[in-house]
Each structure stands twice: as structure tokens, then as C-alpha cells.
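[1] No sequence on hand, only this structure:
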């Protein structure tokens, strides 16, 4: 019975994304408490990298990358499978960068590129600013409807220029 309660809680926690603002405390709770049921009926934390990248991308649509988000990013980048999944997102985002916003295959493509900039910055890679600049250009093309994300991307880009290799 406790496993059923945990699974119900995880399902409701995931559903909450549709009903509540995607705040940092909510993202942190989702990050730590989301569980799944294995085929052998064991309740384990969900480490699905696609899902976790999606949560981060959704969060960044209205928020900045802060130290808590950096910690989440670092936790994912340790796993090669997570980076493979992320690279799939990046491939789509770079293709979308050449398109009109109404034609983007992935509506969260600029957020993917912001994550790419952060990963590159954290790893001391010089392409961090390229990712950030491309995200900014995508937000500019989208116009005011993505103002919060655009403002966050500008601030993050300025941080990369000021402290390129943190």
C-alpha cells in the first residue's frame, strides 16, 4: 500500500505542472520525488533523462539559470545517456534556429540552447557564447511573447561574457 501512495503522489506531482506555476521549489520537489514503478513492481526514482531535460526546458521558459538549476544540470551531465538525449534536443534546436518561430519543431528550442550554453560554460568550452547568442536570436525572432525567457537569456549571456569559464 505505501508504494501505491508514493506512485499516486508522483503522478499528482507530475500532473501539477499543468495546474500550477512551474516554480523552483516545485521543480526541486519534482526532481527529487518523482518515482516510477519497475516491471518487477519496485518503486524507484525516475532518472529518465528526456523527462528531466524537458522539466528544465519548461522551467527556463519563464526563469533564469541559477545555482539550483546548475546543480540539476550537473547531475544530468554526468550520465552519457543523458547527454545523448540532450544532443538530440540540440540537433533539433539548431535546425529550428534557421526557421521562423511558427515553424519550430520544438517550441522549447531556445531553452535547449540556453542549457547548451550553461553546459559549455560549466565545462569550460568556448562555444558557450555561440549557444547563448543563437538562443537570443531565436527569442528576438519570436518577439515579445517570450519576453521573460529572452531577458533571462540576455542576462545569462552577459554572465558568460563576464565569467566565461566558471
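    Looks like it arrived, so ask away. As the structure is a computational prediction, the values presented were derived from the model and not from experiment.

[2] quick one: residue 142 and residue 73, what's the gap?
    Residue 142 sits 23 Å away from residue 73, taking C-beta to C-beta, to the nearest Å as the criterion. Bear in mind the C-beta positions are built from the backbone N, C-alpha and C, glycine included.

[3] Strands of this protein, start to end?
    Counting by DSSP state E, the segments of the chain that form strands are 35-37, 43-45.

[4] per-stretch mean pLDDT over these, give me the minimum one.
    Note on the strands of the chain: lowest mean pLDDT is at strand 43-45, with a mean of 56.

[5] Phi, psi for the closest residue to residue 47 other than its chain neighbours please.
    Residue nearest to residue 47 in three dimensions, not counting chain neighbours: residue 79, with 7.8 Å by C-beta to C-beta, 6 or more residues apart in numbering. Backbone torsions of residue 79, given as degrees, to the nearest 10, read phi -110, psi 120.

[6] so how far is residue 157 from residue 79?
    Here residue 79 is placed at a distance of 27 Å from residue 157 (C-beta to C-beta).
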